[in-house]
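K.L.:
pasting a predicted model and its sequence here:
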Amino acid sequence: MARIVGVQTILQFAIDFTASLIVARLLSPHEIGAFSIALAAVVIAQTLRSAGVNMFLIAAPTLDEAKVRTALGLAMVASFTFAVVIFAAAPLIAAFYREPVIAHVLRIVCISYVLAPWQVLAHGLLTRALRFKPLMVATVGASAVSASIAVGLALNGWGSLAMAYGSLGGGVTLLAVMLAVRPPHFVFRPSLAQWRTVSGFTGWVLGASLLQQFGPRLNELFVGRALGIASAAFLDRAEMLPRMLWNYASPPVLSILGPLVAHELRSGIDAHSTILVRMRLFGCIFSPILIGIATQSAPMLIGLYGWQWQASIAPAPWLCVAAAITGQFVVLNASLNGLGQARALFLLGLTEQGARIAVLAMLSWTHIELVAMGAVVVAMIYAAAAIRVGARLKLFTVREALASLVPAVAICSVVGAAGVAIDMARGGGIPSHPIPAVLQAAAILAVVWIAAVAVFQRAVIVALWKLVRH
C-alpha cells in the first residue's frame, strides 16, 4: 500500500515539477500571479464543492446505497451552485484585482466543478476500500495530461490561460480513469433522502477542510491586493519550496493514514496508542528536510526557476521554518480525520487561520519577508493549539507531546547548523552554478541527517527499513 502511493508520488512529482519549471520560465511572474490569485479567490468554493462527502465515505462506520446516493446529491448541489456563482462573479473578482484575465481563468475553472461530484464519489469509495493502485493510475494520468496541455499552451503564448486549461484537462482525465475503474457502490443517480444523516457528519468536515484550504491562500489574497500581483507571485514561488515537500513527499504517509486509522477503528484496533509514535517519526523525517531546504533556498529558487525570481529568496527560509514547525502535527490532523473528530479538527484550523488573518492584517502592507516571518508566529500558535487538542481528547498528555518533539528539534538543529556551515563555506550569496551546489549540499545534509537520526531517534531508520522491505 505504501509502496503504491510512493510510486505515485515519485511519478507525479517528476511530471508536475518538470512542468512547473518549464512554465515558470515561459510565463512572467505577473501571469503566474494572476492564475494563483484566481484560484485563491475561489478557494472557499473549491473546498465546499465536495460538500465534505469524501471524508464521510472514508470514515463512515457503514455504507449503503441510500447514503452513497445522498453523498453524491449533496456534492452535486454544492458544486453546481458554486459553478453558477463563480461564473457570474468572475468579472467582479477580476475588477477587484485590476486584472481582466482572472475572469477568463475563473470561467474555465467553473467547468471543472461540473465534474467534481463524481470525482469525489469515486475517490472516496476507492480510498475507503484501500484500493490505491487505481487511484495512482488516475492521478498520474491526470498530471501527465495537465502538464502537457499547460506546457504546450504556454509555448504558444496563452499566458495564464495555459495553466487554467491544463488544470481542466487533468480534471477530465481524472474523472475518465476513475469511471473506468469505479468501485462497488458507485452510482450515477443522486438522491437527498438521507441528507440529515450525511450532512450531520460532513458539516464539521467541510469547516475543517475549508480552513485547511483557505489558510495557505490567504497570503496571496492579502498580498495581491496590498502589494500587487507580482509580489503575490514572488511569495507564492517562495512557498513552492515547502509546498513541494507536502504535495509530493508527505502523501505516501498522509494519504494512507486517514483511511488506515478509520479502518483500524472499524477493525477494533486502538488507534490512539499509535498516534504519538507516528507524530514523532514523521517529525524526525520531514521537519529536518524543511530546515535543510531553508538553508539552501536561494540557490534552489534561482537554479529551478531562474534569476527573474530573486525577490522570492528573502521570504523562502522563513516559510520553510514555519512548515517545519507544523510538520509534526500534520499526522495529528490526518488521525483526527480517521478518528471522526471533525469538530476538533475544525476548531484547530479555526485557531490557526484566525492567527494567520491577524498577522496578515498587520504585515501584508509592509514587505513579503515580514509576511513570511509572521508565518513562523502562526506556526507556533498552531503547534500549541494542536498539543492542547490532543491532550483534551486524551490522545496524549502535554508532557508526552513535548517529549516527542525533542528528537525532531535536535535533528533539525544539527541539520540546520550543517546547512548554514555549507553556505558559509562557499562564501554566501548565490553560487554561479546553483544546481550542482544544491545537489552537493543535499548529499552532505543527507549524511548529516542519517547521523543525527542514529543518535537521537534510531527508530526512524528501523521504520524506513521496514517500509522499503514491505
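P.N.:
Okay, I see it. Numbering: from 1, shown residues only.

K.L.:
how many neighbours does residue 108 have?
P.N.:
Neighbours of residue 108 under the rule other Cβ atoms under 10 Å: 18. Placement of C-beta: from N, CA and C, glycine included.

K.L.:
do you know the pLDDT at residue 353?
P.N.:
The model reports residue 353 with a pLDDT of 83.

K.L.:
now the helices for the stretch 251-400 of the chain?
P.N.:
Remark: helices assigned in the stretch 251-400 of the chain by DSSP state H, counting those that start in this stretch are 251-266, 272-295, 297-305, 316-338, 342-363, 368-392, 398-425.

K.L.:
name the helices or strands packed onto the second one?
P.N.:
Looking back up the chat, that one is helix 272-295. Helix 272-295 sits against helix 229-244, helix 251-266, helix 316-338, helix 398-425, helix 434-456, helix 459-469, with contacts defined as 3 or more Cβ pairs under 8 Å, 6 or more residues apart in numbering; DSSP states H and E.

K.L.:
relative to residue 141, which of these is closest?
P.N.:
Distance to residue 141, taken as Cβ to Cβ, is lowest for helix 251-266 among those, at 16.4 Å.

K.L.:
ranking the helices and strands packed on helix 272-295 by mean pLDDT, which is last?
P.N.:
Lowest mean pLDDT of these: helix 251-266, a mean of 57.

K.L.:
following element in sequence after the host helix or strand of residue 78, please.
P.N.:
Using DSSP states H and E, residue 78 sits within helix 65-96. Downstream of helix 65-96, the next assigned helix or strand under DSSP H and E is helix 101-128.

K.L.:
show me what that following helix is packed up against.
P.N.:
Judged by 3+ Cβ pairs under 8 Å, 6+ apart, helix 101-128 is in contact with helix 29-41, helix 53-59, helix 65-96, helix 132-155, helix 160-180, helix 251-266.

K.L.:
what's the angle from it to helix 65-96?
P.N.:
Orientation check (axes from the mean of the first three to the mean of the last three Cα atoms, to 10 degrees): helix 101-128 against helix 65-96 gives 160 degrees.

K.L.:
give me the neighbour count for the closest residue to residue 239 other than its chain neighbours.
P.N.:
Using Cβ to Cβ, 6 or more residues apart in numbering and skipping the chain neighbours, the partner closest in space to residue 239 is residue 319 (5.4 Å). When neighbours are counted by other Cβ under 10 Å, residue 319 registers 29.

K.L.:
what about residue 319, distance to residue 358?
P.N.:
Distance, residue 319 to residue 358, using Cβ to Cβ, to the nearest Å: 18 Å.

K.L.:
over to residue 9?
P.N.:
In this structure, residue 9 and residue 358 are 34 Å apart, going by Cβ to Cβ.

K.L.:
between these two, which is the more surrounded one?
P.N.:
Between residue 9 and residue 358, counted using other Cβ under 10 Å, the more crowded position is residue 9 (21 against 14).
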